[in-house]
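Novice: Sequence and computational prediction follow.
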Amino acid sequence: MADYFIDISLVSAAVSRTASPVPKGKKGATTITKSAVKSGISTPAKGIAVDQRMLDLSALNLTEERSVINEEIPKASFAREKLLEEAKKVIEAEGKERKKEVSLVVIGHVDAGKSTLMGRMLYELGRLDEKTRLANERGSNKAGKSSFSWAWSLDGTVEERERGITMDIALQSMSTPHRQITILDAPGHKDFIPNMISGASQADCALLVVDAATGEFEAGFDRGGQTREHVLLVRSLGVSQVVVAVNKLDQVQWSKSRYDEICDFLRPFLVQSGFHPSKTKFVPVAAMQGVNLVTLNGEAAQELRQWYDGPTLADYLDQLEPPARDIYAPVRIPISNVFKGSSSGVAVSGRLCGGVVQVGERLRILPGDETAAVKMIEVKDESVPWAAAGMNVTLYLTSIDPVHLNIGNVLCPPTNLVPLATTFTARIIVFDIQIPITSGASIELFHHSRDVPATVSNLIATLDRASGNITKKKPRVLTKGTSAEIQITLRTQSLSGPSVARPIPLESFSVNKDMGRILLRRGGETIGAGIVLEIFG
Ligand SMILES: Nc1nc2c(ncn2[C@@H]2O[C@H](COP(=O)(O)OP(=O)(O)OP(=O)(O)O)[C@@H](O)[C@H]2O)c(=O)[nH]1
């Protein structure tokens, strides 16, 4: 991979994150689908996988919820100062009185063994009981998919089980001695990369699973392989720590030289992708047999023990650090899902990209003029009085007609709005593309869970990747590996739609790192990633 030297360290990682406030106790209204294998992150009805981007309000059957508009709004419990003080106190207790909380996206090429690894890991850590394991084993045997028995713990939908692939992000949680980990199991298949982007934008750390089998690791890394694309994507989205599980070592007779070969190949690639070597760990495993996931004991691990006595995968996960969190920033919540709560009106979920939000607060929905009141907040299925930067939250909203809530909208305080953009400049790095980017090129712009058609309206300059200095003004084209400053202009959504593009809420990276990251795709391929510099409206 000598030609591979993309440096995306400019897209630095400062994802906000925080501990959970003390839950108020579970409310009966939590009837959405939180107990389903696929969580409410993208699954509004039990057992039905929905492509988030396809989710429109007509599917939600929300019309009868109009009565919630005049519902009584609960009172906010804290004055702002007090709220921040309380949040600070809880955050400082994290790691001392309570386990640190991190969210982990599991990435890698299709069939690398991501779901199997997480399913087995959940079992080893006691999160998956024997009854469920046996049921999965029986079910997968009956379906003629016995090798997917462990993956069934995460691949919960009929279609996923039939096809033996993950299509949407599955949400699970597990606990190691010092960490409470939310797991996002991302689909490896390239058709589902938009779902993966949505999941990865909610993660702090990544677990990269690679298949050690002869030819398989290489296939995952070739053009079109997802190992390479996933790594670049998650780094671009702010993930700065990665644990690499070199899986299926049983298929290569537990060969140390094969393990070393893979590590030696990936190490420079991860550095070039912007991961600091100290935040990059490697671990040999065999997911199916449960070797070196939580322990290196037992007969199955015998051969690996001949040459490995380092940390297990669980040991490495137990060292992941939650990134810094900015509770003093204004509240920003890009909506990744909208769904109906059975007795609690409409609910939205997403990651808090700044600030602290509390029950009783009124939030503006951008784009648009509407506001909604927060009736209830849930974090990991628990009802809580407030939530802070970095948490993945579900907000139950009232005082709003649900037609105004859409995936990709951003919630913010009415007094501190997110700027709306149709034209802005960005600093990007160009991925491994074959057709260069020219001025006027049509692209799909991804920002959190929103994707909109856009045009590269101006190639302003190419930049030196290390220093950021201009190397050439007004370049004619951008080729692979280039760092550049460009102008992006949104296009109209459809030919029959309005002639002026609808602006989207966006913030420059210098103001809010989580709100200032973008991805550029073209023809189903990610062609670049970058940060927002200046918004022109
Ligand atoms: N021999 C062997 N096979 C494994 C191991 N881990 C996973 N597999 C097999 O690899 C296949 C793919 O596993 P999955 O867990 O579905 O892979 P995945 O990466 O989640 O796939 P997608 O979600 O579709 O991207 C299944 O047949 C597993 O049984 C392992 O350690 N050894």
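Specialist: That came through, no problem.
Novice: Pull up the per-residue confidence for the closest residue to residue 236 other than its chain neighbours.
Specialist: Distances taken as Cβ to Cβ, 6 or more residues apart in numbering put residue 529 closest to residue 236, at 3.2 Å, once the chain neighbours are dropped. Just so you know, the C-beta spots here come from the backbone N, C-alpha and C atoms, and that holds for glycine as well. pLDDT, residue 529: 85.
Novice: SS state for residue 529?
Specialist: Classification of residue 529 by DSSP: H, G, I helix; E, B strand; the rest coil places it in strand.
Novice: And residue 300, by the same measure?
Specialist: Secondary structure state of residue 300, per three-state DSSP, is helix.
Novice: Tell me how many other residues surround the closest residue to it other than its chain neighbours.
Specialist: For residue 300, the nearest residue in space outside its immediate sequence neighbours is residue 289; the separation is 4.2 Å by Cβ to Cβ, 6+ apart. The number of residues packed near residue 289 is 17, by other Cβ atoms under 10 Å.
Novice: so residue 289 makes contact with residue 250?
Specialist: Yes. When contacts are counted by Cβ atoms under 8 Å, residue 289 is listed as touching residue 250 (6.2 Å).
Novice: Give the residues shared as contacts by the two.
Specialist: Listed as contacting both residue 289 and residue 250 by Cβ atoms under 8 Å, 6 or more residues apart in numbering are residue 300.
Novice: longest helix of this protein?
Specialist: helix 256-272 (DSSP state H).
Novice: Can you list the buried residues in that helix?
Specialist: Neighbour counts over helix 256-272 (16 or more other Cβ atoms under 10 Å) mark 258-259, 262-263, 266, 269-270, 272 as buried.
Novice: where exactly do the strands run in the stretch 101-250 of the chain?
Specialist: Under the criterion DSSP state E, counting those that start in this stretch, the stretch 101-250 of the chain contains strands at 170-175, 179-185, 205-211, 241-247.
Novice: before we move on, back to that, contacts only, for the residue nearest to residue 300.
Specialist: Applying Cβ under 8 Å, 6+ apart, one finds that residue 289 lies in contact with 250, 300-301.
Novice: Likewise for residue 300?
Specialist: By Cβ under 8 Å, 6+ apart, the contact list for residue 300 reads 250, 286, 289-291.
Novice: What of residue 335?
Specialist: Counting by Cβ under 8 Å, 6+ apart, residue 335 touches 348-350, 405-411, 449.
Novice: how about 7 Å then?
Specialist: Listed by Cβ atoms under 7 Å, 6 or more residues apart in numbering, the contact partners of residue 335 are 348, 350, 405, 407-409, 411, 449.
Novice: Check residue 373 too.
Specialist: Going by Cβ under 7 Å, 6+ apart, residue 373 touches 73, 362, 397-399.
Novice: If we use 6 Å, what do you get?
Specialist: 73, 362, 398-399 (Cβ atoms under 6 Å, 6 or more residues apart in numbering).
Novice: and those residues, which two are the farthest apart?
Specialist: Distance extremes for the contacts of residue 373: the farthest pair is 362 and 398 at 10.2 Å, using Cβ to Cβ.
Novice: quick one on the thing from earlier: return the member of the contacts of residue 289 nearest to residue 422.
Specialist: Distances from residue 422 to these, taken by Cβ to Cβ, are shortest for residue 250, at 53.6 Å.
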